[in-house]
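> I would like the atomic coordinates for the input below:
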Amino acid sequence: MSRIGKLPIGIPKGVTVNVAGQKVTVKGPKGELSRMLHTDLGVKVEGETLTVTRPSDEPKHKSLHGLSRTLIANMVEGVTKGYQKQLEITGVGYKAEPKPYGLLLSLGYSHTIEYKSPAGIKLTAPQPTQVFIDGADKELVGQVAAEIRLLRKPEPYKGKGIKYAGEVVRRKAGKAGAK
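From the prediction side, this is the model:
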């Protein structure tokens, strides 16, 4: 049995889980998420817990078992607490401005970049050098953070660019200097 897959998922108060065939829908205070699961796996809601079952001990079913359980657990946590990623902007003149559609970024290019946030994602910039990405869908929050970081990845010589909070950029020495 999969160690992760066999763990039951607790359903907190204020969260409803509907299972219709292979579609699992989770609704809570932060929003509603739904996902289609593999046809071989089964999902049962029993009171305040949810369990994922698999038909056999084949390696394919074992891997799908743990994956599906984790995806559903992330959905439940997303609609109750939500997920957040933080980005830091480093560089002279580099900044982010919150706009109704998303962010307006100045990243050292000859033009500003407008990043439109997808539905269900809230982008905030309490300071011009910090960006917070909030949402219920863990995958979407991570994808938006990766897309914004990709607009100007941190470079190794001066460390300028957009990086995750807590990310360590390996620095290079550069030229020794002409004499």
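> mean confidence for the lengthiest helix in the chain?
Ordering each helix of the chain by length in residues (DSSP state H) puts helix 59-80 first. Average pLDDT, helix 59-80: 94.
> Number of residues surrounding the nearest residue to residue 107 once chain neighbours are set aside?
In space, and not counting its chain neighbours, residue 107 is closest to residue 152: 4.2 Å by Cβ to Cβ, 6 or more residues apart in numbering. Glycine gets a C-beta too; all of them are placed from N, C-alpha and C. When neighbours are defined as other Cβ atoms under 10 Å, residue 152 has 20 of them.
> Dihedrals phi and psi, residue 152?
Phi and psi for residue 152, reported as degrees, to the nearest 10, are phi -160, psi 90.
> ditto for residue 144
Per degrees, to the nearest 10, the backbone of residue 144 is at phi -60, psi -40.
> that older thread, parallel or antiparallel, list what pairs with the helix or strand following the longest helix of the chain.
The first helix or strand that comes after helix 59-80 along the chain, using DSSP states H and E, is strand 83-90. When pairing is defined by DSSP bridges, strand 83-90 lines up against strand 130-135 (antiparallel), strand 161-164 (antiparallel).
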